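Asks: sequence plus the predicted model coming up.
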Amino acid sequence: MSLEERARRTRLLAAGAQTAGACRKCAIGAERRNNVYGEGDPCARLMVVGEGPGETEDALGRPFVGRAGELLNRMLAAIDLAREDVYICNVVKCRPTLRTPSGLRNRAPDPQEISNCTSFLEEQIAIIRPTVLLSLGAPSAKWFLGPSFQITKMRGRWYEGPHGIPLMVTFHPAYVLRQTGGEINAVKRLVWDDLKQVRAKLDEPPPEPLPEQASLFEA
Ligand code: SF4
């Protein structure tokens, strides 16, 4: 990819981050400590999309930096990708919270928040146009594939994402970390199966360009 193209994408993503940083469309926009727009290589071949920032992400303004982020880094390393080589973001850019007697807790984004935030993610995908999209967890998968998506039954296969980009869905690293006993290894095995498919897709040769000679159609 040319330096000019990299610079163009960097500029567009910075402008998107600035707009998201000023956005207060949802109540969580007023409560957040930081807007968590996304980070990574603007020319990434793999784009990872989670559901929303948690407490650590909100505090640091970066996606996937808590325990789940550490596991994501290990998942990427297992398929020979450094975190810096991919682009990482979430469906919503502000931390969805639940007020409890013991303080604020993370929660899944609600449909209105997801709808309000949709244009930011659409724009990120349009700018980066990765070779592969990896959706982590049910809220993210539902953004791509609709509300009837059931992650336990429907993960691990290829879907057509925006702009025809191949889309894989697997479990969110936070879900993996919540498992106990033998379950944790069973879930890790499923995630590993999905990641191997992502690696294989990234290793496929790019499609041959179509021939330009109109003479091919001459009698
Ligand atoms: S979640 Fe998205 S739409 Fe809602 S306030 Fe934050 S940036 Fe704006």
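Replies: Noted; the coordinates are in hand. Residues are numbered from 1 along each chain as shown.

Asks: contacts, neighbours, all on C-alpha from now
Replies: OK.

Asks: right, and residue 166 touches residue 131 too?
Replies: Yes: with contacts counted by Cα atoms under 8 Å, residue 166 reaches residue 131, the gap being 7.2 Å.

Asks: for the chain, name the helix or strand with the lowest mean pLDDT.
Replies: Between all helices and strands in the chain, the lowest mean by mean pLDDT, DSSP states H and E belongs to strand 103-106, at a mean of 90.

Asks: contact partners for the most centrally placed residue in the chain?
Replies: What sits nearest the mean C-alpha location of the chain, by Cα atoms, centre = their mean, is residue 49, with 1.0 Å. Residues near residue 49 by Cα atoms under 8 Å, 6 or more residues apart in numbering: 88-91, 133-136, 140.

Asks: cool, residue 204 as well?
Replies: Residue 204 neighbours (Cα under 8 Å, 6+ apart): none.

Asks: what's the per-residue pLDDT of it here?
Replies: Note for residue 204: predicted pLDDT of 95.

Asks: ok, now how distant is residue 186 from residue 72?
Replies: Counting by Cα to Cα, to the nearest Å, the separation of residue 186 from residue 72 is 17 Å.

Asks: these two: which has the busier surroundings?
Replies: Taking neighbours as other Cα atoms under 10 Å, residue 186 and residue 72 compare with residue 72 leading, 20 against 13.

Asks: distance check, the more buried one against residue 79.
Replies: 11 Å.

Asks: what does the chain put close to the ligand?
Replies: Applying Cα under 6 Å from any ligand atom, we find that the chain lies next to the ligand at 20, 23-26, 28-29, 92-94, 113, 116-117.

Asks: Serialize the residues you listed to a markdown table and add fields for distance to residue 196, neighbour count and secondary structure.
Replies: A markdown table is the format used below for the residues of the chain next to the ligand (distance: Cα to Cα, whole Å; neighbours: other Cα atoms under 10 Å; DSSP: H, G, I helix; E, B strand; the rest coil):
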| residue | distance to residue 196 | neighbour count | secondary structure |
| --- | --- | --- | --- |
| 20 | 33 | 20 | helix |
| 23 | 37 | 16 | coil |
| 24 | 39 | 14 | coil |
| 25 | 38 | 13 | coil |
| 26 | 37 | 15 | coil |
| 28 | 36 | 17 | helix |
| 29 | 37 | 20 | helix |
| 92 | 27 | 28 | coil |
| 93 | 28 | 33 | coil |
| 94 | 31 | 32 | coil |
| 113 | 32 | 20 | helix |
| 116 | 34 | 14 | helix |
| 117 | 31 | 20 | helix |
